[in-house]
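K.L.:
Next one to model:
(chains A and B)
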Number of protein chains: 2
Amino acid sequence: MSKLLQDVVGELTKLPGVGRRTALRLAMHILRMERESVSDMTRSIDRFRTEIRRCAVCNDLSDEEICPICSDPERDRTTICVVEQVADVLSIENTHQYRGLYHVLGGVISPMQGIAPSDLTIDLLCERLRGGEVREVILAISTSVEGETTLFYLMNRLRQFEGLKITSIARGIGFGDELEYVDELTITHALLNRREIE
Amino acid sequence: MSKLLQDVVGELTKLPGVGRRTALRLAMHILRMERESVSDMTRSIDRFRTEIRRCAVCNDLSDEEICPICSDPERDRTTICVVEQVADVLSIENTHQYRGLYHVLGGVISPMQGIAPSDLTIDLLCERLRGGEVREVILAISTSVEGETTLFYLMNRLRQFEGLKITSIARGIGFGDELEYVDELTITHALLNRREIE
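P.N.:
Okay, here's the model as predicted:
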């Protein structure tokens, strides 16, 4: 087997979900791509890895010291939506329904994986709240066991800020979900939190 | 969204089977990798794309003018196994059962996809056979409609070489396959080509 092919297959298996077979398929695809297109791709990967940073305010990924959302004067500075990770910010931004700020925790508390509260950006969040400008914190944390632990921990920490409204995103049956396939905990939650139809 | 992140996500979606969501997941993984590990990966992709070539004899991928298999004096030069693509060579090599040479066609004849016999390395194969050293050609082509067309075309072209044995890999029920789920054509083939148990 060609050394160059062997190398590239070995390197590509560093990516998550890429085994030897997939790596080989990717390599054959790369071979069919224009040379310039390939070098554009590798250059953008290198630049991303070396130049990207964390926003000093919200911990989201950013090209600058402060990310575009935190520095946007149009955003509502009285509301912070707390999420686990960068991808969650993008999911919420895609709805175009939220005009407040974000705070990226960088994960959830997980004793199993050795992630303690101090590994998350909770202190940074508290610092932001000390300014007194923020009136509501929306906790948009996933409903896993670790997520619930994190939620509980955050609630305790945030209680020190008097007058601060703490909310959590609604749990329920998603649009398009068939009741038959929804888990019992979600159905129970959805029933308990039922709303009168106006 | 950060421009650097946007760029890398856009570039990664050039890869087959990678949508925006997967690209984002890959980007976040790249962020957790060591910088040096990332640059090793991108460098190996670039080198692979710019330096890899086709073996002048068998058309397999190669670092040199002639690939390691074709230049290996230990290989049996009287047998050539004809395969569609590079990955097939690796699959056969992994069995450690074949000691002959290979010939990579570079695809199969497909009028639907506009692939004519002249797009494949059939002329190169005929040239190799003109030397007179080769005594057997094994056709290891897939059993798709295009594969069968290619097989038929190759048989016709190879008949000109007197005394050349032309064989095809055996079709049958694979090890571990359950008869219940095997298609009828394969079962028919396996029945017709049944062997006496010695």
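K.L.:
So for the longest strand along chain A, what gets flagged as buried?
P.N.:
Under DSSP state E, the strand in chain A containing the largest number of residues is strand A:76-83. For strand A:76-83, burial by neighbour count (16 or more other Cβ atoms under 10 Å in any protein chain shown) applies to A:T79, A:I80, A:C81, A:V82, A:V83. (C-beta placed from N, C-alpha, C; glycine too.)
K.L.:
can you list those residues in a markdown table and add pLDDT and distance to chain B?
P.N.:
Converted to a markdown table, those look like this (pLDDT from 0 to 100; distance: Cβ to the nearest Cβ, whole Å):
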| residue | pLDDT | distance to chain B |
| --- | --- | --- |
| A:T79 | 95 | 20 |
| A:I80 | 96 | 18 |
| A:C81 | 94 | 16 |
| A:V82 | 95 | 18 |
| A:V83 | 95 | 13 |
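K.L.:
now, which of the residues you listed sits nearest B:Q160?
P.N.:
A:V83 (69.1 Å; Cβ to Cβ).
K.L.:
Leaving out sequence neighbours, find the closest residue to the closest one.
P.N.:
Of all residues not flanking A:V83 in the chain, A:A140 sits nearest, at 5.0 Å (Cβ to Cβ, 6 or more residues apart in numbering or on different chains).
K.L.:
What's the local residue count around that neighbour?
P.N.:
For A:A140, the tally of surrounding residues (other Cβ atoms under 10 Å in any protein chain shown) stands at 20.
K.L.:
quick one, what contacts it?
P.N.:
By Cβ atoms under 8 Å, 6 or more residues apart in numbering or on different chains, the residues touching A:A140 are A:C81, A:V82, A:V83, A:D88, A:I92, A:S168, A:I169.
K.L.:
same thing with A:L124?
P.N.:
By Cβ under 8 Å, 6+ apart, the residues touching A:L124 are A:N59, A:H103.
K.L.:
next one: A:M33
P.N.:
A:M33 neighbours (Cβ under 8 Å, 6+ apart): B:K14, B:R49.
K.L.:
Over to the one 4 residues further on?
P.N.:
Taking Cβ under 8 Å, 6+ apart, we find A:S37 in contact with B:K14.
K.L.:
check which helix or strand covers A:L15.
P.N.:
For A:L15, there is no helix or strand it lies in under DSSP states H and E.
K.L.:
Model confidence score at A:E198, please.
P.N.:
You'll see A:E198 listed with a pLDDT of 67.
K.L.:
Just the helices from chain A, written as ranges.
P.N.:
A:3-12, A:20-32, A:35-51, A:86-93, A:122-130, A:145-158, A:184-192 (DSSP state H).
K.L.:
Kindly export stretch A:187-196 (C-alpha atoms) in CSV.
P.N.:
Taking C-alpha atoms only, stretch A:187-196 is exported to CSV below (Å, rounded to 0.1, in the frame of the first residue of the first chain):
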residue,chain,number,x,y,z
ILE,A,187,-45.2,12.4,28.2
THR,A,188,-45.6,12.7,32.0
HIS,A,189,-44.0,16.1,31.9
ALA,A,190,-46.2,17.2,29.0
LEU,A,191,-49.3,16.1,30.8
LEU,A,192,-48.5,17.8,34.1
ASN,A,193,-47.6,21.0,32.2
ARG,A,194,-50.7,21.0,30.0
ARG,A,195,-52.1,24.3,28.9
GLU,A,196,-55.7,25.5,28.5
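K.L.:
How far off centre is it?
P.N.:
27 Å (Cα atoms, centre = their mean, to the nearest Å).
K.L.:
in that stretch, what's buried?
P.N.:
Buried, per 16+ other Cβ under 10 Å, within stretch A:187-196: A:A190.
K.L.:
what's in contact with it?
P.N.:
Here stretch A:187-196 has contacts from A:A170, A:R171, A:G172, A:I173, A:L179, A:V182, using Cβ under 8 Å, 6+ apart.
K.L.:
Which ones among these lie within strands?
P.N.:
Per DSSP E, the subset of the contacts of stretch A:187-196 in strands is empty.
K.L.:
quick one: A:E162 from A:F175, how far?
P.N.:
37 Å (Cβ to Cβ, to the nearest Å).
K.L.:
Nearest spatial neighbour of the residue nearest in space to the middle of chain A, chain-adjacent residues omitted?
P.N.:
Note on chain A: the residue nearest the mean C-alpha position is A:Q85, at 2.1 Å, using Cα atoms, centre = their mean. Distance criterion Cβ to Cβ, 6+ apart; nearest residue to A:Q85, sequence neighbours excluded, is A:V104 at 6.5 Å.
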